[in-house]
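Q: Based on what follows, work out the 3D shape:
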Amino acid sequence: MSEQAVLIFENLRHIGDSPEGKVIYILAVICVLMILDFLTGTVAAWRSTDIEFRSQEGINGILRKLLSIIVLVACIPVAALVPADLGIAALYVLYGGYLLMEFRSILENLGKLGVEISPLTGFVDKIEEEITRRAEEKKEDE
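A: Here you go, the predicted model:
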């Protein structure tokens, strides 16, 4: 592996050393998934005869994603106001939901392009079921 790649992975490991760093890392992953979602959605709309390709819808999609990022970033200082580690935990839940939502949207776009997505869709469904199960267990414990 090249020296630059090693440096990149070392920096990524250092970012994930603290809970705050993990939040920023997850936010960066969400941004990358948003870009992939937009690109796969654009290609799916362009290639599909069932979808009318209109630039205004693309612009609206970009604006929605930018506003989502602004809201996600704005939640970081709010989470710092919450006592103990509850704020960071809330960010993990919020960001995890966004990760799943973006990933599911990418899968839908790939499905429109004819890519076999059923194994990945099943994987995402199992993750969502596990998150729901754990949330219900927490409620019962309280």
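
Q: Could you check how far the residue nearest the centre of the chain is from Leu33?
A: Nearest to the mean C-alpha position of the chain, by C-alpha atoms, centre = their mean, lies Leu99 at 2.2 Å. For Leu99, the distance to Leu33 equals 7 Å [C-beta to C-beta, to the nearest Å]. For the C-beta atoms, the positions are set from N, CA and C on the backbone; glycine is no exception.

Q: Check whether Ser105 really touches Ile35, as I assumed.
A: No. Using C-beta atoms under 8 Å, Ser105 is not in contact with Ile35; the gap is 11.9 Å.

Q: What's the first helix or strand after the longest helix along the chain?
A: For the chain, the longest helix by residue count, based on DSSP state H, is helix 19-47. The helix or strand immediately downstream of helix 19-47 is helix 55-81, counting by DSSP states H and E.

Q: following that following helix, which helix or strand comes up?
A: helix 86-112.

Q: returning to what we had before: name the helices or strands packed onto the longest helix of the chain?
A: In terms of contacts (3 or more C-beta pairs under 8 Å, 6 or more residues apart in numbering; DSSP states H and E), helix 19-47 is packed against helix 3-15, helix 55-81, helix 86-112.
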